[in-house]
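Asker: Compute the structure for the input listed below.
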Amino acid sequence: WGRWLLVRRQILTDDQTAAGREPELAYYLCAGPPGTTDDELIRVAGARWAIEECFQTAKTEVGLDHYQVRRYDAWYRHITLAMLAHAYLAVTAAIAPKDLAAASSRS
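Answerer: As a prediction, the model looks like this:
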């Protein structure tokens, strides 16, 4: 496996640069097969934010982090049910506005 250091730099506007503001840097330590392209590393690093957002939402909405278990199978059941509940809520939220808009246009 190869290892890379990926650095993401914030793009500043001319006003921010004139004000003497320095761009923020984010660092990612990456590992992957030797043939991994730069585009693929960038895509995976960008997907990390969406994954973290999903876990944070699951923690607040369905209690993903509220467990006190002593055995692996109890933990596995809790995590599985919490993620299932989160998926159901996400699908329901994505579909609901369309159904409400269709119902209001019919009436």
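Asker: What residues of stretch 36-50 count as buried?
Answerer: For stretch 36-50, burial by neighbour count (16 or more other CB atoms under 10 Å) applies to Leu41. To be clear about C-beta, it is placed using only N, CA and C from the backbone, and glycine gets the same treatment.
Asker: my bad, stretch 11-24
Answerer: Along stretch 11-24, not one residue counts as buried under the neighbour rule (16+ other CB under 10 Å).
Asker: For it, give me every contacting residue.
Answerer: The contact list for stretch 11-24 (CB atoms under 8 Å, 6 or more residues apart in numbering) reads Arg9, Gln10.
Asker: what comes up buried for the host helix or strand of Tyr88?
Answerer: Element membership for Tyr88 (DSSP states H and E) is helix 72-106. Neighbour-count burial for helix 72-106, counted by 16+ other CB under 10 Å, picks out His78, Ala82, His86.
Asker: Give me the distance between the two termini of stretch 64-81.
Answerer: The first and final residues of stretch 64-81 sit 9 Å from each other (CA to CA, to the nearest Å).
Asker: mind starting the numbering at 32 from now?
Answerer: Noted, 32 is the first residue going forward, which turns the last one into stretch 95-112.
Asker: Just the mean pLDDT for it, thanks.
Answerer: What stretch 95-112 shows for mean pLDDT is 88.
Asker: Could you do stretch 123-130 as well?
Answerer: 78.
Asker: one step back: please convert the buried residues of helix 103-137 to CSV, extending it with distance to Trp32.
Answerer: CSV is the format used below for the buried residues of helix 103-137 (distance: CB to CB, whole Å):
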residue, distance to Trp32
His109, 33
Ala113, 32
His117, 32
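Asker: which helices and strands sit right next to the helix holding Tyr119?
Answerer: For helix 103-137, the elements it packs on are helix 69-93, judged by 3 or more CB pairs under 8 Å, 6 or more residues apart in numbering; DSSP states H and E.
Asker: Now do the helix it packs on against helix 103-137, angle only.
Answerer: With axes from the mean of the first three to the mean of the last three CA atoms, to 10 degrees as the basis, helix 69-93 and helix 103-137 are set at 90 degrees to each other.
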